[in-house]
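Novice: any chance you can model this:
(chains A, B, C and D)
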Number of protein chains: 2
Amino acid sequence: MLCAVPRVSDEHLAARRQQILDAARRCFLRNGFHATSMQDVIAEAGLSVGAVYRYFGSKQELVTSIAESVLDGADQLFATLVAEEPPLPLVEALDRALEFAESQTGPDGVLPLAIQVWAESLRDPALAEFIGRMYARFRSRFVALARRAQQAGELPADADVEAVGAVLFGLIPGFALQRVLVAGPGPKTYLDGVRALLASKGVGK
Amino acid sequence: MLCAVPRVSDEHLAARRQQILDAARRCFLRNGFHATSMQDVIAEAGLSVGAVYRYFGSKQELVTSIAESVLDGADQLFATLVAEEPPLPLVEALDRALEFAESQTGPDGVLPLAIQVWAESLRDPALAEFIGRMYARFRSRFVALARRAQQAGELPADADVEAVGAVLFGLIPGFALQRVLVAGPGPKTYLDGVRALLASKGVGK
DNA sequence: CCTTCTAAAACGAATGCTCGTTCTTTTATT
DNA sequence: AATAAAAGAACGAGCATTCGTTTTAGAAGG
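Specialist: Got it, this is the predicted structure:
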């Protein structure tokens, strides 16, 4: 009863897990969550049914893991935007965020996955809860950005930074969606649009 | 061999078609395109398999029809925004568009369907083409809005109205997504954010 | 107005697949 | 030798769709 533990290295386990996730991501990008069968993922990973089910108990678990990695990736970038010292001017921060979004457009960026995750969250309460928390965090980052811009005098002293943060954040999916669905204007043009609005004369009403 | 045409009235045919579409919409809202089976739609419509397949040749056709009705609905509102005389100030137009989006949030609005349509278009080239055309039209409406605002002196004379239109349009899905996924700020708050940005002092760089 | 007749409309059992998952067997590691 | 890891055959459920049959609306003929 002493030993004889045939476990494989933890690195190997982690690598296998990642191998499956990578395969799943490719499949999901190619065909969407629902039109991708477990067999597809399994074949793409070059493994067997049993091997994959050792690492992920269900297809849903695979979807959730992919969703998490997608959102984590975005959060990482947004976090650096706010942490920047000295504080980035709004336009500068937006520029960086838009360029990031742009880099994730196209068939091997993360954006098509994000769109699928949105759709999926409408039916999966657990995923919806996770996404809600994550996007609330995104927004709070942009709120922080707005607050610092206000302190720098870039925004009126009485501006509602929560509202401004929401709008700033909203600009990103607004841009990304157009880029993916309509092949809309590039990030530079979009930013010009924002600049023109910032330069507008006051406000009706 | 002279006739004997037992066809039913055209109104009846149209009503049946609509009956099926309504059922499908309810099912799709409840469970999403992919988790909804044809049996679900058929049962919801209170019809038989054969009856439904007489009106829609496939499930995909059903999805496409729903997508079309969703986009047509939005286009109708955007069209009226631009046609308004005298031209609406930007903030006013945005207010109306945001209120519309708000009204379509929630489980029987059209927005959850729109999100699913986005995801679906990533896999269905025909749907993607249709959506692309439709969203390009949406954007052109906002461009027209921007142009009229420019003529009214609300925007700088050298502003790129195409870019501004894209941004204005982008604000809508940006708002809607937050509203659906994060239960973000309401339309009034969001609009306050836009106003604060419009009131900001010039632009860095 | 009523009957007859016919093709459209509706029906629903049947079909053939593919799906996600389970479970027993084989292989590899210590 | 003992056990973790990987393999893959097998399974039942549920899917979209087809198709042969039944019902029904309404024109035609009286």
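
Novice: any idea how far residue A:115 is from residue A:177?
Specialist: To residue A:177, residue A:115 is 8 Å away according to C-beta to C-beta, to the nearest Å. C-betas here are computed from N, CA, C, even on glycine.

Novice: can you check which residues contact both of the two?
Specialist: In terms of C-beta atoms under 8 Å, 6 or more residues apart in numbering or on different chains, residue A:115 and residue A:177 are both contacted by the residues residue B:118.

Novice: so where is chain A shaky, pLDDT-wise?
Specialist: A:1-6, A:201-205 (pLDDT under 70).

Novice: all helices for chain A, in order.
Specialist: A:10-35, A:38-45, A:49-55, A:59-83, A:90-104, A:111-121, A:125-151, A:161-182, A:187-198 (DSSP state H).

Novice: just so I know, which of those helices lies nearest DNA strand D?
Specialist: Closest approach to DNA strand D among the helices of chain A is made by helix A:49-55 (1.9 Å; C-beta to the nearest atom of the strand).

Novice: and the closest one, what's buried?
Specialist: A:52, A:55 (16 or more other C-beta atoms under 10 Å in any protein chain shown).

Novice: distance from it to the middle of the chain?
Specialist: On the basis of C-alpha atoms, centre = their mean, to the nearest Å, helix A:49-55 sits 27 Å off its chain's mean C-alpha point.

Novice: that helix near DNA strand D at all?
Specialist: Yes: Helix A:49-55 reaches DNA strand D (C-beta under 7 Å from any atom of the strand) through A:49-51, A:53-55.

Novice: packing partners of that helix?
Specialist: helix A:10-35, helix A:38-45 (3 or more C-beta pairs under 8 Å, 6 or more residues apart in numbering or on different chains; DSSP states H and E).

Novice: what comes up buried for the first one?
Specialist: I take that to be helix A:10-35. So helix A:10-35, judged by 16+ other C-beta under 10 Å, has buried residues A:16, A:19-21, A:23-30, A:32-34.

Novice: give me the angle between that helix and helix A:59-83.
Specialist: 100 degrees (axes from the mean of the first three to the mean of the last three C-alpha atoms, to 10 degrees).

Novice: tell me the angle helix A:10-35 makes with helix B:111-121.
Specialist: Going by the same axes, to 10 degrees, helix A:10-35 makes 110 degrees with helix B:111-121.

Novice: would helix A:10-35 count as contacting chain B?
Specialist: Yes: residues of helix A:10-35 contacting chain B under C-beta under 8 Å from any C-beta of the partner chain: A:31-35.

Novice: before we move on, what about stretch A:123-142?
Specialist: Yes: interface with chain B: stretch A:123-142 contributes A:123, A:128, A:131-132, A:135-136, A:139 (C-beta under 8 Å from any C-beta).

Novice: and what of stretch A:158-166?
Specialist: Yes: using C-beta under 8 Å from any C-beta, stretch A:158-166 reaches chain B at A:159-160, A:162-166.

Novice: skipping adjacent residues, who's closest to residue A:118 in space?
Specialist: Spatially, and ignoring its direct neighbours in sequence, residue A:118 is nearest to residue B:115 (5.1 Å; C-beta to C-beta, 6 or more residues apart in numbering or on different chains).

Novice: ok, now which ones touch the one you found?
Specialist: Counted by C-beta under 8 Å, 6+ apart, residue B:115 has contacts A:115, A:118-119, A:122, B:177, B:180.

Novice: doesn't residue A:13 make contact with residue A:51?
Specialist: No: taking contacts as C-beta atoms under 8 Å, residue A:51 lies outside contact range of residue A:13: 11.4 Å.

Novice: now for residue A:57, how many residues are close by?
Specialist: Look at residue A:57: counted by other C-beta atoms under 10 Å in any protein chain shown, it has 9 neighbours.

Novice: residue A:73 now?
Specialist: The tally of other residues near residue A:73 (other C-beta under 10 Å) stands at 14.

Novice: state the distance from it to DNA strand C.
Specialist: 24 Å (C-beta to the nearest atom of the strand, to the nearest Å).

Novice: how about residue A:186, phi and psi?
Specialist: phi -70, psi 170 (degrees, to the nearest 10).
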